[in-house]
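Peer 1: Have a look at this prediction, sequence included:
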Amino acid sequence: MSASIIDGKRIAKELREEIAGRVASFRGEHSIQPKLVAILVGEDPASQVYIRNKQRACEQAGLASSLIRLPDSVSQSELLGQIEDLNQAPDVHGILVQLPLPEGISADLVLRAIRPEKDVDCFHPENVGMLAIGTPRFLPCTPAGVVELLKRSGVETRGAHVVICGRSNIVGKPLALMMMQKGDGGDATVSVCHSRSRNLEELTRQADILVAAVGREGFITGSMIRPGATVIDVGTNRSANGKLVGDVVFEEAVEIAGAITPVPGGVGPMTVTLLLENTLRGARRTVR
Ligand SMILES: Nc1nc(=O)c2c([nH]1)NC[C@@H]1CN(c3ccc(C(=O)N[C@@H](CCC(=O)O)C(=O)O)cc3)C=[N+]21
């Protein structure tokens, strides 16, 4: 048996074209070009890939984007000053500060400094709170990308047991919130596993949908997957040979799963696409 491959690249392209259409009509109606500004501190290689793809995607969808590069040595207060300028700028609708940040800068403080109405990552505590109570302002890009990918590949989440490996604030935790929510793309029974979980394999084998969001190459092996399950690989790890790899041992998993996302070409392109959607949403707010 061999799993069907969920083509994130193709699905992201489809969604991107839809967004481009909506951006065009928004621009026509309001004469405003939605704009995203990303701040990159230092030279994190994973962030470089993300930034490159983001810039290109913005261009293709008709969004304005710019990148502010700051040196590793930048002080926290300088960074906060930059953010405040962007908070005030009327032509900026989305602000994204690339993570991880260098030592000596508090990510917590920085993320709180971003004006919640421009927080296209959905990392600000106010936006996380709104998501948690079911009245989201933005949907966080990677979790929303996962939900959209499942929806568009016909994987039913309603009543399904979703097992998420990883409890980060960026992926595991918000994805759990979204998938347990009432309604379309949600209504799942959600379990969240992490490094302290006992009998991990016993838990993952119960999954109808298994999400790997651990950040460790080779973490999910074939024996952890129930035959026929859908496997979503959120990992973006840099392998020893320089290649981008996920958390799942793909060659094993593809023989057991019913459907599986590859890395690259799975969740990654969806993350970038949902960022475009959020930037448009940020711009919409200013005309309402
Ligand atoms: N504030 C913040 N928000 C983030 O969402 C965030 C971040 N910081 N820091 C870095 C990580 C990493 N990340 C990726 C997103 C897309 C791809 C992506 O497009 N991957 C493609 C392309 C791979 C390639 O071009 O080689 C793929 O998997 O097919 C990769 C990595 C977002 N992150």
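Peer 2: Alright, I've got the coordinates. Residues are numbered from 1 along each chain as shown.
Peer 1: any chance you could map the strands in the stretch 51-200 of the chain?
Peer 2: 64-70, 94-97, 161-165, 189-193 (DSSP state E, counting those that start in this stretch).
Peer 1: packing partners for the third one?
Peer 2: By that I understand strand 161-165. Packing partners of strand 161-165 (3 or more Cβ pairs under 8 Å, 6 or more residues apart in numbering; DSSP states H and E): helix 172-180, strand 189-193, helix 200-204, strand 209-212. C-beta here means a position set from N, CA and C on the backbone, and glycine is covered the same way.
Peer 1: In TSV, list those along with mean neighbour count, mean pLDDT and distance to the ligand.
Peer 2: TSV is the format used below for these (neighbours: other Cβ atoms under 10 Å; pLDDT from 0 to 100; distance: least, Cβ to the nearest ligand atom, whole Å):
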stretch	mean neighbour count	mean pLDDT	distance to the ligand
helix 172-180	21	98	11
strand 189-193	18	98	19
helix 200-204	16	98	22
strand 209-212	28	99	13
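Peer 1: Can you add distance to T273 and give the strands of the stretch 51-200 of the chain back as a markdown table?
Peer 2: What follows is the strands of the stretch 51-200 of the chain, written out as a markdown table (distance: least, Cβ to Cβ, whole Å):
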| stretch | distance to T273 |
| --- | --- |
| strand 64-70 | 14 |
| strand 94-97 | 14 |
| strand 161-165 | 21 |
| strand 189-193 | 24 |
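Peer 1: which one of the helices and strands packed on strand 161-165 lies closest to V248?
Peer 2: strand 209-212 (5.2 Å; Cβ to Cβ).
Peer 1: Next, the residues that contact the closest one from outside, please.
Peer 2: 146, 150, 155, 157, 160-166, 172, 175, 188, 204, 219-220, 224-226, 229-235, 246-248 (Cβ atoms under 8 Å, 6 or more residues apart in numbering).
Peer 1: Show the buried residues in those residues.
Peer 2: 146, 150, 155, 157, 160-166, 172, 175, 188, 204, 219-220, 224-226, 229-235, 246-248 (16 or more other Cβ atoms under 10 Å).
Peer 1: Kindly report the residues of the stretch 151-288 of the chain close to the ligand.
Peer 2: Residues of the stretch 151-288 of the chain lying close to the ligand by Cβ under 6 Å from any ligand atom are 236, 244, 263-265, 268-269, 271-272.
Peer 1: export these to JSON lines and tack on distance to V49 and secondary structure?
Peer 2: Shown next, in JSON lines, are those (distance: Cβ to Cβ, whole Å; DSSP: H, G, I helix; E, B strand; the rest coil):
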{"residue": "T236", "distance to V49": "8", "secondary structure": "coil"}
{"residue": "L244", "distance to V49": "7", "secondary structure": "strand"}
{"residue": "V263", "distance to V49": "12", "secondary structure": "coil"}
{"residue": "P264", "distance to V49": "9", "secondary structure": "coil"}
{"residue": "G265", "distance to V49": "13", "secondary structure": "coil"}
{"residue": "G268", "distance to V49": "8", "secondary structure": "helix"}
{"residue": "P269", "distance to V49": "11", "secondary structure": "helix"}
{"residue": "T271", "distance to V49": "11", "secondary structure": "helix"}
{"residue": "V272", "distance to V49": "10", "secondary structure": "helix"}
